[in-house]
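**Q** coords below, sequence missing:
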RNA sequence: GGGGUCGUAGCUUAGCCCGGUUUAAAGCGCCACACUGUCACUGUGGAGAUCGCGGGUCCAAAUCCCGUCGGCCCCGCCA
């Protein structure tokens, strides 16, 4: 006989208006409250909880996490028994029948608990972890958010186009996951770090507005906000310049935040800082604008100081910069030492402090600075009693890194970060190039197809290192959320860039031949951007890492604790791929 | 590749500094019994841990030392 195990309602929907209906509910047993003469069971599915009332004879074997199908007639709870905490708290279902569809072992951790569980265990039993409220909420929000993004672009005439996952390796930037070819001995596909070149080819093809919710892969070490596979909202548009890309993405991010980050403050309008401004003011290209505490420059003020550390800095082309920590005078000696030590890890000589007190300025370096210098510094700092000025001297990069991190550390110590605010900004005009620390050669900051600012075209020949790019990042609360650029569509300009990067004609042909050839056939001006959607969702869910918003994430060593990947394969299978594996005992 | 941190019943932790009243403790969960209105039900009873693993010091090690494995965080790396 066919069982009537088909549910008619979810566990989250029954209301007072459903009283009297015969219903069938299916779900997992969340809790069992056994009173001897009657038994309450909270039945759970992803929609919610419904209280089932059972005669003891029907509840005998029903235990937590069993899958049960219950039929009965919805009734109002007796007066005084309404549970206001439950969406279905006004009603209950007395069970005419309760069929166990599936039994369950006692789970390794409690599903019904907010309490933190060892993450290793959670990942090993991810399917159970995903039953818990926290993960259900995050995964459901993720779906809704991605759906919203698709609808947003669909309304604006964008096409979502799938690009291949097995592609040609073009060694550049991050390490690629490689896939050996069975049909072509010794050859490999790689998994995309991003569909960068493919989406540019889609522009050549005339699909002038493209987006894709797409998996990307990077074989690099993990972080709390980095997984080996992650998802991007990939966007590319033709006949656009920087402003067009920023404006449509700004519209999207604001709509998303308003819809999904309910009750949070959003700082609008969204400021646009050039890279230079961001570095000067915050020492970082991803500043957290929930914090003030801007950096100021005192290089010239102390250029003539008797304090050599300061005066020599100017001579050697460096900078002396500082932040004013409001209320920083309460820092202990140890806290100041820690800040100093941290600055040293970024290559700074140290972090000097001036503590502003009623009686005057207390500082180990005060005696080296004359009154005029001190008063000018406190004036430019806007420092008052109880503040602490932190000063760093060194080259541009060192000073920026040291002060940027000091700024964040001080804000955290003094609890200055408003958790209920989303502070957005665009960072634009990134440098085109940087000097590679190891090879000392010129590298692209973004990628070699990034267009320079129109006004910097001349610099490419004279001083390429000073050229700025049509590249931009969307930053929220100090996290890089999206990054993109306008691309080069002019082959002469592209050759110039390759020359600067030391990429020979031959090299370029080998690696990017497909793109360069395509660009011989009428490439439109185009540009785009890619969002790290995991990070964005993590921020909206107020989670500390992206694993909390990914159904089946890898651990920090890129292992899948649930399935055991990566794993050995049978020798025969490996052999077929024409690769040799060294297996040292 | 480097630095930090954590590892004690099924889970979450205490104990570790300062070795010995520890038969390794508690809450949750689990098992059994009782209970007709609970909703984190309650009450009574019970089972459950060679303290990540290996070695060392000591009369004595969860506790001190060395090594090792694993998780997490950070640096490097991530065009």
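**A** Cool, got the structure. Computed from a predicted model, the values in this text were never measured in an experiment.
**Q** from here on, contacts and neighbour counts on C-alpha atoms
**A** Will do.
**Q** Now do whatever helix or strand residue A:373 lives in: everything it contacts.
**A** Using DSSP states H and E, residue A:373 falls within helix A:371-381. With contact meaning Cα atoms under 8 Å, 6 or more residues apart in numbering, helix A:371-381 is reached by A:296, A:298, A:301, A:302, A:305, A:323, A:324, A:366, A:384, A:389.
**Q** quick one: pLDDT of the residue of chain A found nearest RNA strand B?
**A** Nearest residue of chain A to RNA strand B, counting by Cα to the nearest atom of the strand: residue A:173, 2.5 Å away. Looking at residue A:173, its pLDDT stands at 77.
**Q** who's in contact with it?
**A** Contacts of residue A:173 (Cα under 8 Å, 6+ apart): none.
**Q** Worst mean pLDDT across the helices and strands of chain A, which element?
**A** helix A:333-345 (a mean of 82; mean pLDDT, DSSP states H and E).
**Q** Pull the distance from it to the chain's centre.
**A** 28 Å (Cα atoms, centre = their mean, to the nearest Å).
**Q** Which strands and helices lie in contact with it?
**A** Applying 3 or more Cα pairs under 8 Å, 6 or more residues apart in numbering; DSSP states H and E, we find helix A:333-345 packed against helix A:396-413.
**Q** Show me what the lengthiest helix in chain A packs onto, helices and strands only.
**A** Longest helix of chain A, by residue count under DSSP state H: helix A:133-155. The contact analysis (3+ Cα pairs under 8 Å, 6+ apart) places helix A:133-155 against helix A:242-260.
**Q** Show me what the helix it packs on is in contact with.
**A** Against helix A:242-260 from outside (Cα under 8 Å, 6+ apart): A:141, A:145, A:148-149, A:152, A:237, A:266, A:270, A:470-471, A:485-486, A:527-529, A:540.
**Q** Mark which of these are buried, thanks.
**A** Listed as buried from the contacts of helix A:242-260 are A:141, A:145, A:148-149, A:152, A:237, A:266, A:470-471, A:485-486, A:527-529, A:540; burial here means 16 or more other Cα atoms under 10 Å.
**Q** Quick check on the residue of chain A closest to RNA strand B: phi, psi?
**A** phi 80, psi -130 (degrees, to the nearest 10).
**Q** ok, and the most crowded of the contacts of helix A:371-381?
**A** residue A:324 (27 neighbours; other Cα atoms under 10 Å).
**Q** Surely it is within a strand?
**A** Yes - looking at residue A:324 with DSSP: H, G, I helix; E, B strand; the rest coil, it is inside a strand.
**Q** Any buried residues in the helix or strand hosting residue A:514, and which?
**A** Using DSSP H and E, residue A:514 sits within helix A:505-518. Under the neighbour-count criterion of 16+ other Cα under 10 Å, helix A:505-518 has A:508, A:511, A:515, A:516 buried.
**Q** And for stretch A:218-235?
**A** A:218, A:219, A:226, A:227, A:228, A:229, A:230, A:231, A:232, A:233, A:234, A:235.
**Q** Out of these, which are close to RNA strand B?
**A** A:218, A:226 (Cα under 7 Å from any atom of the strand).
**Q** What about the buried residues of stretch A:218-235, which are in strands?
**A** Among those, the members found in strands (DSSP state E) are A:229, A:230, A:231, A:232, A:233, A:234, A:235.
**Q** for the stretch 1-150 of chain A, what are the low-confidence residue spans?
**A** Applying pLDDT under 70 to the stretch 1-150 of chain A flags the ranges A:1-5.
**Q** hmm, back to that, tell me which helix or strand comes right after the helix holding residue A:373.
**A** Downstream of helix A:371-381, the first helix or strand assigned by DSSP H and E is strand A:388-394.
**Q** and the direction of that following strand versus that of helix A:396-413, what angle?
**A** 160 degrees (axes from the mean of the first three to the mean of the last three Cα atoms, to 10 degrees).
**Q** Neighbouring strands - and their directions - for strand A:388-394?
**A** strand A:319-325 (antiparallel), strand A:352-357 (antiparallel) (DSSP bridges).
**Q** Out of those, which gets nearest to residue A:449?
**A** Nearest to residue A:449 among the strands paired with strand A:388-394 is strand A:319-325 (32.6 Å), distances taken as Cα to Cα.
**Q** thinking again about what came up before, from the chain's centroid, how far away is the next helix or strand after the helix holding residue A:514?
**A** Per DSSP H and E, the first helix or strand lying C-terminal to helix A:505-518 is strand A:526-532. Computed by Cα atoms, centre = their mean, the chain-centroid distance of strand A:526-532 equals 15 Å.
**Q** any residues touching stretch A:292-311, and which ones?
**A** A:280-283, A:312-314, A:319-325, A:368-370, A:373, A:376-377, A:380-381, A:393, A:403, A:407.
**Q** for stretch A:137-156, which positions count as buried?
**A** For stretch A:137-156, by 16+ other Cα under 10 Å, it's A:138, A:139, A:141, A:142, A:145, A:146, A:148, A:149, A:150, A:152, A:153.
**Q** Stretch A:566-579 too?
**A** So, applying 16+ other Cα under 10 Å, buried residues of stretch A:566-579: A:577, A:578.
**Q** who does residue A:215 bridge with?
**A** residue A:231.
**Q** Any idea how many residues pack against it?
**A** Neighbours of residue A:215 (other Cα under 10 Å): 17.
**Q** Contact partners for it?
**A** Contacts of residue A:215 by Cα under 8 Å, 6+ apart are A:194, A:229, A:230, A:231, A:232.
**Q** Could I get the phi/psi values of residue A:575?
**A** The phi/psi pair for residue A:575 (degrees, to the nearest 10) is phi -60, psi -40.
**Q** so where is the stretch 451-585 of chain A shaky, pLDDT-wise?
**A** Ranges of the stretch 451-585 of chain A meeting pLDDT under 70: A:583-585.
**Q** Helices of that one, start to end?
**A** In the stretch 451-585 of chain A, the helices defined using DSSP state H, counting those that start in this stretch lie at A:459-462, A:491-501, A:505-518, A:533-540, A:571-576.
**Q** As CSV, the contacts of residue A:215 with distance to residue A:102 would be great.
**A** Shown next, in CSV, are the contacts of residue A:215 (distance: Cα to Cα, whole Å):
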residue, distance to residue A:102
A:194, 43
A:229, 34
A:230, 34
A:231, 35
A:232, 38
